[in-house]
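Participant: just a sequence and a predicted model for now, questions to come.
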Amino acid sequence: MGNIRKTRDACREAWPEGRASAVAALVSVGVALVPGDAAAEYWRNNLYVQGSEIYSSNINLSNAATGSQKNQDSFTTLLRPGISIQRQGKWNLNLNYSMQNLFYQGSESYSRISNFLQLNTHGEVIKKSLFVTAYGTVGQYNNSSLLNPRYQLDNISRPGNSSEYKTFSVNPYWTPHFGGYVDGVVGVRYSNVSGISGGGVNGGGSSGSNLVGEYLNLYNGKEFNILGWRANFINQDSFLENSSSSSNNYAYRNLNGEVRYRWSEQFEPFIQAGSFQNNFGGNTSSVNSARNGGYWNAGLIWSPSRKTFLQAGYGPNNYFISALWQPSKRTYFNVTFRDSNVGGGYGGYGGSSYGGGYQGYSSNNNSYGSSGSGQTGGTGFSGAGISRGNGSNCGANANGSLGMGSMGGLGNLSGMGSGLGLGGYGTGGLGGFGSLSGVSNVGGTNNGSVGQLGGFNAGTTWNAFFCHATRLTSLLASYNEYITTSQIVLANQQVFDQGGGAGSANNQLFIPINQPTLTNEAITQKRGQVGVGIHFSKTNLNFSGYQANIDYQYSGSQDLLGLSAAWSWRFMKNTTSQLMFAWQSTDATNSSQLKSSNDFSMVSLGIYRTFAKGMSGGLNYWHSEQTSSNQANSYIEDRVMANVFVRF
């Protein structure tokens, strides 16, 4: 504990006034959740520092052709000390912090300090009964407007459209077991998102918020051999901090349940019913794919083998068909079609446990699926993680090697998966929180049911997830539809590029560019993504593509299309080269039918070498450019970077 106290005090001295308090609070909560004897025995502190000298041909990302501002080249010195704290066992902790110091040279020389922190902790308070998870971040976001985005990948460039935000979440939950008749999960969750400015509900910026939620998920225990049932209640309220009107606050409530009868080994008839009571800023009717009311349906589950499940249900205002195929641990496929007169699957912080869009099949503690709501960890592969309970090959490759990163395939440029779901510690992609609490599939945990029961959008919707892995290759694909908010997007955003690790010579602290514009509105997103990874002893290839249609409650709409590729090659001992490419096209239309189009691309080549244990370095060149219908947003930048990284 003394090491933690010394680290905290040192950070308070290093950080500017006003920034230390929020970050130190996150550290303190993580420390407080761990018993003193365990902390003293198992804490592992790793200090590191990165130094870089950078030359940019256009540090302001300006367009000289407009005549408003000339391109300005600049040398920049980066000094980034950091600390990584990890512990695994009964109580788990994963904390990474970096302080990025930038010193610009030239006629307009100045310095800039930015904080990057990610805290993830999970512990058992009462054995097999009461648990606590906590999650916190400090990072950067792009504050460009809907029609005038100027994309930048990091804080080194200084066009003035990146800002700092902070998040914190704590989630105590109880897993009751009543004599083998009733099992379940009961929990509450508080989250705060702060540091973002603005507050106009009609597209004029975004406010911080407090999110308060409760959930109750009960299902039949092992003593029920013939009759199965489940009942769920999910509630979440979002209170905007800088809003002058309570009508800008959001509320999501979903009550649902199911009863099944085991007719035979292959057939199970069922009845489902539920109700949506949402309030999106006082005007739910203005949100695409959201409509309040109740629903019910009846149908049949057919499981001809342990590898194949089909489920279909029909009711007067809700019908669906869902299929799951899992021929081996290396292959998993789940698809659901639904048509419903009611719905509004809110992409809540905490994955599908907060009413997310898509629950998969769960059996024998596998906890597959959970491909629903928000962008857990900001992974841009929204809804594509597998929360796995048995370490399946497909799950391991999905989270461990595909690199679906924070830019929809670009965030983890070195081609490594995040390995850090929302509380997952290497087990969670989307639904990482669920894999720890047992609510990956809301109402679907270990009860033999396929398809959706919790959150889903109104209208005709599709949700699908596919994963296949071999010894040398990985394939991951998904499509889903969900409703979220800007605050939820930031709360789920991954801060560190897990491919390079919290600290390494090839690590970049990327700012996601494939996220919705931050406004105080409900946001309906339809998103598909595919990723392919090929892995040899000395070579890794990763390719991904994504397409998203984003509808805002008031502001308009946005279409994204993106591609990325990465090739790493260890061509000699301790030396690796890395070639990367990324491209994204954005078309936006606001509520007044004004349009804009923007194309962004980047290509990068780097060489990285390990000089000694704990010491590495690299040289990197990249070329980035943006072409915009608004000429002032067009720019070209060439950059050369020399990096040295030391771990103590």
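Facilitator: Yes, it's here.
Participant: what about the stretch 301-450 of the chain, any weak spots by pLDDT?
Facilitator: By pLDDT under 70, the low-scoring segments of the stretch 301-450 of the chain are 346-450.
Participant: partner strands of the helix or strand that contains residue 597, with direction?
Facilitator: Assigned by DSSP states H and E, residue 597 belongs to strand 595-612. In the sheet, strand 595-612 lines up against strand 575-590 (antiparallel), strand 615-628 (antiparallel) (DSSP bridges).
Participant: low-scoring pLDDT stretches of the stretch 101-250 of the chain, where are they?
Facilitator: 107-109, 197-206, 242-248.
Participant: could I get the full set of strands for it?
Facilitator: 111-126, 130-142, 162-174, 177-178, 182-194, 198-200, 204-205, 209-220, 227-240, 250-261 (DSSP state E, counting those that start in this stretch).
Participant: what packs against the second one?
Facilitator: Based on contacts counted as 3 or more CB pairs under 8 Å, 6 or more residues apart in numbering; DSSP states H and E, the elements that strand 130-142 packs against are helix 20-32, strand 111-126, strand 162-174, helix 432-437, helix 486-491. For every residue, glycine as well, the C-beta is placed using N, CA and C.
Participant: one more time with 7 Å, if that's ok
Facilitator: In terms of contacts (3 or more CB pairs under 7 Å, 6 or more residues apart in numbering; DSSP states H and E), strand 130-142 is packed against helix 20-32, strand 111-126, strand 162-174, helix 432-437.
Participant: what angle do strand 111-126 and that strand make with each other?
Facilitator: Angle, strand 130-142 to strand 111-126, by axes from the mean of the first three to the mean of the last three CA atoms, to 10 degrees: 160 degrees.
Participant: mind checking how far strand 130-142 is from the chain centre?
Facilitator: Between the centre of strand 130-142 and the centre of its host chain there is 11 Å, according to CA atoms, centre = their mean, to the nearest Å.
Participant: just the longest one next, same as before
Facilitator: Relative to the mean C-alpha coordinate of its chain, strand 111-126 is positioned 15 Å out (CA atoms, centre = their mean).
Participant: and that strand, which residues are buried?
Facilitator: Within strand 111-126, the residues that count as buried by 16 or more other CB atoms under 10 Å are 114-123.
Participant: got it, and the last one?
Facilitator: Burial within strand 250-261, assessed by neighbour count using 16+ other CB under 10 Å, is assigned to 250-260.
Participant: okay, that strand in CSV with CA atoms only?
Facilitator: Below are the C-alpha coordinates for strand 250-261, written out as CSV (Å, rounded to 0.1, in the frame of the first residue of the first chain):
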residue,chain,number,x,y,z
TYR,A,250,-33.1,10.3,-20.5
ALA,A,251,-34.7,7.3,-18.9
TYR,A,252,-34.7,3.7,-20.1
ARG,A,253,-36.9,1.0,-18.5
ASN,A,254,-37.4,-2.6,-19.8
LEU,A,255,-39.4,-5.3,-18.1
ASN,A,256,-39.5,-8.8,-19.7
GLY,A,257,-39.9,-12.4,-19.0
GLU,A,258,-40.2,-15.9,-20.5
VAL,A,259,-41.6,-19.3,-19.6
ARG,A,260,-40.5,-22.5,-21.4
TYR,A,261,-41.6,-26.1,-21.2
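Participant: what strands line up against that strand, and which way round?
Facilitator: In its sheet, and by DSSP bridges, strand 250-261 pairs with strand 227-240 (antiparallel), strand 267-276 (antiparallel), strand 279-280 (antiparallel).
Participant: can you check the fourth one too?
Facilitator: Taking DSSP bridges as the criterion, strand 177-178 pairs within the sheet with strand 182-194 (antiparallel).
Participant: do the third one as well
Facilitator: Partner strands and pairing direction for strand 162-174 (DSSP bridges) are strand 130-142 (antiparallel), strand 182-194 (antiparallel).
Participant: so that strand versus strand 209-220, what angle?
Facilitator: 30 degrees.
Participant: may I see the buried residues of strand 162-174?
Facilitator: Neighbour-count burial for strand 162-174 [16+ other CB under 10 Å]: 162-171, 173.
Participant: looking at those residues, spot the one nearest residue 306.
Facilitator: residue 173 (30.1 Å; CB to CB).
Participant: neighbours around the nearest residue to that closest one once chain neighbours are set aside, how many?
Facilitator: The shortest distance from residue 173 to any non-neighbouring residue, by CB to CB, 6 or more residues apart in numbering, is to residue 187 (2.9 Å). Counted with other CB atoms under 10 Å, residues neighbouring residue 187 total 23.
Participant: show me what contacts residue 187?
Facilitator: 171-174, 215, 437 (CB atoms under 7 Å, 6 or more residues apart in numbering).
Participant: likewise for residue 627?
Facilitator: Residue 627 sits in contact with 599, 634, where contact means CB under 7 Å, 6+ apart.
Participant: hey, what's it bridged with?
Facilitator: residue 599.
Participant: then residue 302?
Facilitator: Applying DSSP bridges, one finds that residue 302 bridges with residue 267, residue 310.
Participant: against residue 268, how distant is it?
Facilitator: Distance, residue 302 to residue 268, by CB to CB, to the nearest Å: 8 Å.
Participant: the more surrounded of the two?
Facilitator: Taking neighbours as other CB under 10 Å, residue 302 and residue 268 compare with residue 268 leading, 22 against 15.
Participant: thank you, goodbye.
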